[in-house]
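Colleague: Build me a model from this:
(one chain, ligands or ions: 1)
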Amino acid sequence: MSKKLLLKDAHIEGIRYFETYRKQGGYTAAEKALKMTPDEILEEVKASGLRGRGGAGFPTGMKWSFLAKPEGVPRHLVVNADESEPGTFKDRYLMEFLPHLLIEGMLISSFCLGSNVSYIYIRGEYSWIPDILEEAIEEAKAAGFLGKNILGTGFDCEIYVQRGGGAYICGEETALLESLEGKRGNPRLKPPFPAVKGLWERPTVVNNVESIAAIVPIIDITGAEYAKIGVGRSTGTKLISACGNINKPGVYEIDMTITVEEFIYSDEYCGGIKDGKKLKACIPGGSSVPIVPANLLLRTVNGEPRYMNYESLADGGFATGTMMGSGGFIVLDEDQCIVEHTMTLARFYHHESCGQCTPCREGTGWMHKILKKIEKGEGKMEDIDLLWDIQRKIEGNTICPLGDAAAWPVAAAIRHFRDEFEWHVKNPELSQTQNYGLAHY
Ligand code: SF4
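Modeller: Below is the predicted model:
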């Protein structure tokens, strides 16, 4: 059984409220941190080996150490709660059931970074959660854990919740900052990076909800102890939101030493494939990461078991492996049609492109059109090569990672499931009445 650090108290009735959270030991990590120096906290975060839980996996301690500290210029912590990646809903779970864990993590992080005004930018569709967060903020303030002169330390901190307008692109940190400033959420060219010029051109750290929540157990048990959980550079625990054709969809906390096979088939986690069907493929890190067929999902190319961690999932590179990403684990059974699935994703990315760069704006639209044509049985063999060519021209040629996120699913689908694309071309009549999966199993 995986060790629980974040969700250990999630089952306790009333844990959403300050009184119950406090009774379970809540805010003791904050009390401990406020007696430390910001540098000591930073050293603990670095020692923990925590990697950003939003998708990129960049070391959090290193990111914090890049924060510029010009004299007299305010600094900010911004929590990225714009969780819009299809298949990902772990941050929603944290905010809905454990809001004080996030607030406590923000207090410690704000103290370390010197942010007196911190923000939570939350996706518009999570319409009921801002009220939960604002209630938790008021409770923390009433108990002296937010506001002026917190616990007599002389440190002031206010937290504000800002609702997004429902654009996926605002999950990209610079688009998020633009939106937080009240502008259209267009990603900025980097450099300068937010650590130097972020919100209102001030030094800013943008971190994912789960990353900030993880600061609480890191301070609680120390960075060194946190680093002992997990394996290699995949330290600590990770939240996985599992969905698709499985028996037990939900949010699970894993310690990154379990195999993918165990995660899918054990009763502790996904409980196996629904209706006893066969596993066809999986997208283990949210819709932006490459899809992996079952044979490569359970074992690496070298025949080693594949583990639920950053290194093992990426083993084999983009040609064979995939990425941990945001931990949005989407399982597809044998009945699913990869072409239809890829077309749905292409439509999503086309809709969500902000339109600033030509390869993304035009390319996502073309990919969707061609996929639609192939899926309907109206495609030609050369359309598959054209699709491949378009995704190659998007990848690496755009301002922000949405371009890559749109290209990778298409590339992986053609690389691993070209036979399904060809089946649609060769069987125009059949493809109009049934999908590849149902026709083949
Ligand atoms: Fe906008 Fe797409 Fe360019 Fe990102 S890659 S800036 S979403 S057009």
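
Colleague: Show me the shaky parts of the stretch 51-200 of the chain.
Modeller: Within the stretch 51-200 of the chain, not a single segment meets pLDDT under 70.

Colleague: Enumerate the residues of it near the ligand.
Modeller: Counting by C-beta under 6 Å from any ligand atom, the stretch 51-200 of the chain comes close to the ligand at 169, 187. Bear in mind the C-beta positions are built from the backbone N, C-alpha and C, glycine included.

Colleague: Please name the bridge partners of residue 80.
Modeller: Beta bridges link residue 80 to residue 121, residue 208 when assigned by DSSP bridges.

Colleague: Sketch out the strands for this structure, chain order is fine.
Modeller: Applying DSSP state E to the chain gives strands spanning 76-81, 117-122, 158-163, 204-208, 230-231, 234-235, 238-244, 250-254, 279-283, 292-293, 328-333.

Colleague: Same list, the ones you listed, but as CSV with distance to residue 15 and mean neighbour count please.
Modeller: Below are the strands of the chain laid out as CSV (distance: least, C-beta to C-beta, whole Å; neighbours: other C-beta atoms under 10 Å):
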stretch, distance to residue 15, mean neighbour count
strand 76-81, 19, 27
strand 117-122, 19, 23
strand 158-163, 19, 17
strand 204-208, 21, 26
strand 230-231, 25, 18
strand 234-235, 25, 24
strand 238-244, 16, 22
strand 250-254, 15, 20
strand 279-283, 31, 24
strand 292-293, 36, 20
strand 328-333, 24, 24
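
Colleague: Could I get those in CSV, plus columns for distance to residue 423?
Modeller: Below are those laid out as CSV (distance: least, C-beta to C-beta, whole Å):
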stretch, distance to residue 423
strand 76-81, 40
strand 117-122, 42
strand 158-163, 44
strand 204-208, 39
strand 230-231, 40
strand 234-235, 38
strand 238-244, 22
strand 250-254, 34
strand 279-283, 14
strand 292-293, 15
strand 328-333, 16
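
Colleague: Would you mind telling me which of the ones you listed is nearest residue 53?
Modeller: strand 204-208 (4.9 Å; C-beta to C-beta).

Colleague: Could you list the residues in contact with stretch 13-22?
Modeller: 9, 12, 24, 26-27, 96-101, 132, 136, 139-140, 142-143 (C-beta atoms under 8 Å, 6 or more residues apart in numbering).

Colleague: Drop anything exposed from these.
Modeller: 9, 26-27, 96-101, 132, 136, 139-140 (16 or more other C-beta atoms under 10 Å).

Colleague: Pull the most distant pair out of those.
Modeller: 27 and 96 (19.5 Å).

Colleague: got the contact list for residue 304?
Modeller: 312, 315.

Colleague: Roughly how far does it sit from residue 51?
Modeller: Applying C-beta to C-beta, to the nearest Å, the value for residue 304 to residue 51 is 22 Å.

Colleague: Pull out the buried residues from the longest helix along the chain.
Modeller: For the chain, the helix with the greatest residue count under DSSP state H is helix 402-426. Residues of helix 402-426 classed as buried by neighbour count (16+ other C-beta under 10 Å): 402-414, 416-417, 420-421, 423-425.

Colleague: what does the average pLDDT come to for that helix?
Modeller: In this model, helix 402-426 has a mean pLDDT of 94.

Colleague: Identify the residue spatially nearest to the residue of the stretch 151-300 of the chain found nearest the ligand, adjacent ones excluded.
Modeller: As assessed by C-beta to the nearest ligand atom, the ligand sits closest to residue 187 within the stretch 151-300 of the chain, at 4.3 Å. Leaving aside its sequence neighbours, residue 187 sits nearest to residue 400 (C-beta to C-beta, 6 or more residues apart in numbering; 3.7 Å).

Colleague: Quick check: the one you found touching residue 176?
Modeller: No: contact status for residue 400 versus residue 176: not in contact, 11.0 Å apart, counting by C-beta atoms under 8 Å.

Colleague: The two: who's more crowded?
Modeller: Using other C-beta atoms under 10 Å as the criterion, residue 400 and residue 176 rank with residue 176 on top: 28 against 22.

Colleague: contacting residues around that one?
Modeller: Residue 176 neighbours (C-beta under 8 Å, 6+ apart): 78, 80, 82, 121, 164, 170, 185, 206.

Colleague: Tell me the spacing between the fifth one and residue 372.
Modeller: The gap separating residue 164 from residue 372 is 29 Å, by C-beta to C-beta.

Colleague: These two: which is more packed in?
Modeller: Ranked by neighbour count (other C-beta under 10 Å), residue 164 and residue 372 place residue 164 first, with 22 against 16.

Colleague: Hmm, residue 122 and that one touching each other?
Modeller: Yes: the pair residue 164 and residue 122 passes the contact test of C-beta under 8 Å, sitting 6.4 Å apart.

Colleague: what sits in contact with each of those two?
Modeller: residue 82.

Colleague: What number of residues are in the vicinity of the residue of the stretch 151-300 of the chain closest to the ligand?
Modeller: Using other C-beta under 10 Å, residue 187 is surrounded by 22 other residues.

Colleague: tally of neighbours for residue 365?
Modeller: By other C-beta under 10 Å, neighbour count at residue 365 equals 17.

Colleague: Tell me who's in contact with it.
Modeller: Here residue 365 is in contact with residue 350 (C-beta under 8 Å, 6+ apart).

Colleague: Check residue 355 too.
Modeller: Residue 355 touches residue 361, counting by C-beta under 8 Å, 6+ apart.

Colleague: ok, now how distant is it from residue 135?
Modeller: Noted for residue 355: a distance of 38 Å to residue 135, by C-beta to C-beta.

Colleague: go on, residue 128?
Modeller: 11 Å.

Colleague: got the contact list for the residue positioned nearest the centre of the chain?
Modeller: In the chain, the residue lying closest to the centroid (C-alpha atoms, centre = their mean) is residue 326, at 2.6 Å. By C-beta under 8 Å, 6+ apart, the residues touching residue 326 are 53, 54, 55, 83, 85, 88, 90, 285, 286.

Colleague: Can you report phi and psi for the fourth one?
Modeller: When read as degrees, to the nearest 10, the backbone of residue 83 gives phi -70, psi 90.
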